[in-house]
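**Student:** The following block contains a protein sequence and its predicted model.
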Amino acid sequence: MTGVFDQELRDQLALAGQAERAARTAGDEDGERAYAGRIAQLRRIAAQHGIELPPEAATEPAPEPAPDAETEPAPDAAPERA
């Protein structure tokens with residue numbers, strides 16, 4: 001039964017993280033705060049039950065560059081050859 005609890009908690013944490021990111025993308029600050037609180041609550045529950053989770057930063061995906069952002073080579077980088 002512990003494995004089921006562990007998996008459910010991890011699933012709920014993943015869903016809350018997705019919802020938090022969706023709220024952030026939509027500019028919904030209240031929703032973002034609400035889901036951040038849900039994530040914190042789930043992490044406390046995990047700690048109370050001895051369930052180890054990755055650090056919070058590890059559960060967040062790396063931010064993607066803006067679609068219109070151009071990447072420029074570093075100033076000291078060798079020019080590309082065709």
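**Tutor:** Looks like it arrived, so ask away. Computed from a predicted structure; not experimentally measured.
**Student:** can you map out the helices along the protein?
**Tutor:** Under the criterion DSSP state H, the chain contains helices at 2-26, 29-48, 56-59.
**Student:** export those to CSV and tack on mean neighbour count and mean pLDDT?
**Tutor:** For every residue, glycine as well, the C-beta is placed using N, CA and C. Formatted as CSV, the helices of the chain follow (neighbours: other C-beta atoms under 10 Å; pLDDT from 0 to 100):
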stretch, mean neighbour count, mean pLDDT
helix 2-26, 14, 94
helix 29-48, 14, 96
helix 56-59, 10, 56
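**Student:** give the contact list for L53.
**Tutor:** For L53, the contact set (C-beta atoms under 8 Å, 6 or more residues apart in numbering) comprises 10, 13, 43, 46, 59.
**Student:** now L13
**Tutor:** 39, 42-43, 46, 53, 59.
**Student:** let's see 6 Å
**Tutor:** Neighbouring residues of L13 by C-beta atoms under 6 Å, 6 or more residues apart in numbering: L42.
**Student:** From G27, how far off is it?
**Tutor:** According to C-beta to C-beta, to the nearest Å, L13 stands 23 Å off from G27.
**Student:** what's the answer for I45, then?
**Tutor:** 29 Å.
**Student:** now I39, nearest residue through space, not along the chain?
**Tutor:** A16 (5.0 Å; C-beta to C-beta, 6 or more residues apart in numbering).
**Student:** what about that neighbour, distance to R44?
**Tutor:** The gap separating A16 from R44 is 13 Å, by C-beta to C-beta.
**Student:** again with D30
**Tutor:** In terms of C-beta to C-beta, D30 sits 21 Å off from R44.
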